[in-house]
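K.L.:
Sequence and predicted structure are below.
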Amino acid sequence: MLKRTFSVIMITLLFLSVMLLAFNVQPVKGDAETVYINADGSITPSGAPIATSDNITYILTGNISYPTYGGIVVERSNIIISGNGYSEQGGQGGNGIGLTNTNNVTIENTDIQDFSHGINLLSSSNDLIGGNSISNDSCGIGLYSSFNNSIIGNIITANGEEGIWFYSSFNNSLSGNNITANNMGIGLSFSFNNTISGNFVAADVNEGIYLSYSFNNNIADNSVTNNFWGVYLDSSAHNSISENNIINSSDGVYLYHSDFNNVSGDNIANNYRGIYLERSSKNSMSENNVTSSTMANIYLYYSYYNTIVENNLVTTVGYDIILQSSTGSIMSGNTLSRGGLVVIDSYQDSVQNNTVDGKPLVYLEDVANYNVSEAGQVVLVSCDNIKVESLNLSTARVSIELWETNDSFISWNNVANVYVGILVVNSSSDNIYGNNITNSDYGIVILFSSGNEVYHNNIISNVIQVLSYGSTNVWDDGYPSGGNYWSDFGGTDAYSGAYQNISGSDGIGDAPYIIDSNNEDHYPLMQPWITSSHDVAVIAVATNITWIYQGFSVDINVTVLNKGEFNQNVTATLYYNITAGEMIDTQNMTIPAGENSTLSFVWNTRGVPYNRSYTLKAVATISEVDNTPADNTLPGGPITVRILGDINGDGKVDGRDIVIAAKAFGTRPRDPRWNPDADVNQDGRVDGRDITLIARNFGK
């Protein structure tokens, strides 16, 4: 009981401290007298509110405030300075506490505001700065040509430039600090061998953590959230960025003209670009969990010989990986999602053993005479005579991509619920036939590509069926073979013949399907092209979330396509946790030939173990013999079940979750600070009920 009460008290205090960060104390301008702790241990002026009994421990006995007093200049080593509950308030000039050529000085429990530097170290070493509150300065803590110092457990907020700034400093340790709402959180310039770990860096206007011309620094286990840039390296090399939580930034990790850095084991989520390399080479990105980026999880731009290995990349909006004008990249063992891979003007890349939702990503460049028969996504770059056949594709953002590829065959594939079904750029003489392309944003996109043949495809219920630009292609196989089935074709079938001028229907529209002035399907099919008799396929297992609190329910849609030529009675069953095979539900439906149908399942996670990721599995069965049974099963998800109150998804309920809830406290949807993840009980508001739910599971 005592432990529970203590936890609730600590949560309440943490919540109140976050809410109080918005208050500023405004300085009063005027002249001031500097206070000195002299090398011999004496204090001048003698009336200053600071005392010592042993010339070792110096304790404030009152406030040091402007305009009576300025900051404190320390000329003596091997001493302790304690604020003793008092504060220093300056007039936006000088240093709150300044150390020059000292060592082994401890500065603790001070409250410093409105100076040029709250605490400033120049050519000083082996000092400890801990437990201080530093705010509204130009720079909170500055280290210049200083080494072997420790900065621990300080609250540094609302400083006009940097929260903490290192210049030409090395072997320093920065840990356990709360650094918020500064122009820049932590900055290093021309500094090396420093350790930055366990800090909370949030709501800074520009960079959360910034390195310029800095080397061999270790950035580990920090929480870096809601900054414009999370971790930004400029012209820096041989640094390690590992085990950090980097969330809600423009770029989670941004490397600019930076080489030989290692980014590993980080959780990078809800950024515009998760990891972005610009003109940076020979960096390693491995074992990161990069999720929910709106543009790309990993984006390389004019960056060479980088390694992308064993990362988990999940997005429902952007791309997983973009390689643009980036040569010699090595990408291996990554798990991709619907975002998939996009390659633009890149070559000599090695792409091996990657998967898209459990299926391999097939990336071919400068390859000829190759058959692709198993894939979750296919990317062809500068290839010839490639066969891509009989795939079920419903996860990658772009299912099949052809870049400068010729004489290839894209046939008998089922593509559904993606952004672009088939993308063709600068390619010619390819044959695209017999594919089912359904329920996507764009069915087929062809750019600057002519001389391709596209026929006998079922192009059904896409937002934009086809987009053609700068291209002239053939869209049918002549008469009577016919062209494609377009679900939005509104023509009639009263005539037959090559010129459609003979009375009597023939299954072909009497008028062409117009794409643009240079492209039309002369013989659009009135019914879907049928390739087999009894054949159904699960083409999508879709949900709009990637995680859920234990005890809540999630809607999951399962789409089944009837590829056969008869109306089909289908039984669809949805499972979670494929290894154990727990069943969610079973439903029956009748699907007309050539059409698809979607069933809605509800998965109630009450009693489902939390802190685990579950893969879904949908299975469609029919009473007849299915011609291609391999496509009757399709995985979905994954969906992670979290313990109630684990807002940031790190597997535990702690102060970081309280901080997230505090920032959104009192909001509803459409409020600028609204965060749906902080709405723990999902009642459309963030209030004390959510804090109480977090408190119940605090420490789990």
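P.N.:
Cool, the structure landed. Residues are numbered from 1 along each chain as shown.

K.L.:
going forward, measure contacts and count neighbours with C-alpha atoms only.
P.N.:
OK.

K.L.:
What residues of stretch 180-187 count as buried?
P.N.:
Thr180, Ala181, Asn182, Asn183, Met184, Gly185, Ile186, Gly187 (16 or more other CA atoms under 10 Å).

K.L.:
can you list these in TSV and add secondary structure, distance to Asn435 and pLDDT?
P.N.:
Converted to TSV, the buried residues of stretch 180-187 look like this (DSSP: H, G, I helix; E, B strand; the rest coil; distance: CA to CA, whole Å; pLDDT from 0 to 100):
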residue	secondary structure	distance to Asn435	pLDDT
Thr180	strand	53	98
Ala181	coil	53	97
Asn182	coil	55	97
Asn183	coil	53	97
Met184	strand	52	98
Gly185	strand	52	98
Ile186	strand	53	98
Gly187	strand	54	98
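
K.L.:
where are the low-confidence patches of the stretch 501-650 of the chain?
P.N.:
531-533, 565-566, 578-581, 625, 627 (pLDDT under 70).

K.L.:
can you give me the strands for it?
P.N.:
502-503, 513-516, 519-521, 536-542, 547-549, 553-562, 568-576, 582-591, 596-604, 612-621, 633-642 (DSSP state E, counting those that start in this stretch).

K.L.:
Point to the helix or strand of this protein where mean pLDDT is at its lowest.
P.N.:
Ranking every helix and strand in the chain by mean pLDDT, DSSP states H and E puts helix 2-19 at the bottom, with a mean of 35.

K.L.:
Touching stretch 98-109 from outside, list them.
P.N.:
Stretch 98-109 is contacted from outside by 71-85, 119-133, using CA atoms under 8 Å, 6 or more residues apart in numbering.

K.L.:
which of those residues count as buried?
P.N.:
Buried, going by 16+ other CA under 10 Å: 71-77, 79-84, 119-133, out of the contacts of stretch 98-109.

K.L.:
how does the protein divide into domains?
P.N.:
384-521, 536-642, 645-696 (automatic domain parsing).

K.L.:
out of those domains, which comes closest to Asn148?
P.N.:
domain 645-696 (29.1 Å; CA to CA).

K.L.:
what's the first-to-last distance across the closest one?
P.N.:
For domain 645-696, the first-to-last residue distance is 8 Å (CA to CA, to the nearest Å).

K.L.:
Can you get me the centre-to-centre distance for that domain and its chain?
P.N.:
20 Å (CA atoms, centre = their mean, to the nearest Å).

K.L.:
With stretch 117-127 instead?
P.N.:
37 Å.

K.L.:
before we move on, what about stretch 280-299?
P.N.:
8 Å.

K.L.:
next one: stretch 79-97
P.N.:
Worked out by CA atoms, centre = their mean, stretch 79-97 lies 41 Å from the chain centre.

K.L.:
averaged over its residues, what pLDDT does that stretch have?
P.N.:
The average pLDDT within stretch 79-97 is 94.

K.L.:
Which of the contacts of stretch 98-109 fall within strands?
P.N.:
Cross-referencing the contacts of stretch 98-109 against strands under DSSP state E gives 71-74, 80-82, 119-122, 128-130, 133.

K.L.:
got a list of contacts for stretch 44-58?
P.N.:
Residues outside stretch 44-58 that contact it (CA under 8 Å, 6+ apart) are 35-38, 41-43, 59-64, 78-82.

K.L.:
Now intersect these with the strands, please.
P.N.:
Judged by DSSP E, the subset of the contacts of stretch 44-58 located in strands is Val35, Tyr36, Ile37, Ile43, Ile59, Leu60, Ile64, Ile80, Ile81, Ser82.

K.L.:
so the fourth one makes contact with Thr34?
P.N.:
No. The pair Ile43 and Thr34 fails to qualify as a contact (CA atoms under 8 Å) at a distance of 10.7 Å.

K.L.:
low-scoring stretches of the chain, by residue?
P.N.:
Using pLDDT under 70, the flagged stretches of the chain are 1-31, 531-533, 565-566, 578-581, 625, 627.

K.L.:
Show me the helices in it, by range?
P.N.:
Using DSSP state H, the helices of the chain run over 2-19, 655-663, 688-696.

K.L.:
Next, count neighbours for Gly551.
P.N.:
18 (other CA atoms under 10 Å).

K.L.:
Contacts only, for it.
P.N.:
Residues in contact with Gly551 (CA under 8 Å, 6+ apart) are Asn604, Thr605, Arg606, Gly607, Val608.

K.L.:
could I get the residues you listed as TSV with neighbour count and distance to Ser286?
P.N.:
Listed next are the contacts of Gly551 as TSV, based on neighbours: other CA atoms under 10 Å; distance: CA to CA, whole Å:
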residue	neighbour count	distance to Ser286
Asn604	14	34
Thr605	17	32
Arg606	12	35
Gly607	8	34
Val608	13	31
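
K.L.:
Pick the one among the residues you listed closest to Asn562.
P.N.:
For the contacts of Gly551, the minimum distance to Asn562 (CA to CA) is 28.7 Å, reached by Asn604.

K.L.:
can you pull the contacts of the closest residue to that closest one other than its chain neighbours?
P.N.:
Nearest non-adjacent residue to Asn604, counting by CA to CA, 6 or more residues apart in numbering: Ser553, 4.3 Å away. Contacts of Ser553 were listed using CA under 8 Å, 6+ apart, and they are Val602, Trp603, Asn604, Thr605.

K.L.:
let's see it at 10 Å
P.N.:
Listed by CA atoms under 10 Å, 6 or more residues apart in numbering, the contact set of Ser553 reads Val602, Trp603, Asn604, Thr605, Arg606.

K.L.:
Verify the contact between the fourth one and Glu582 for me.
P.N.:
So that's Thr605. No. Counting by CA atoms under 10 Å, Thr605 sits too far from Glu582 to count as a contact (11.7 Å).
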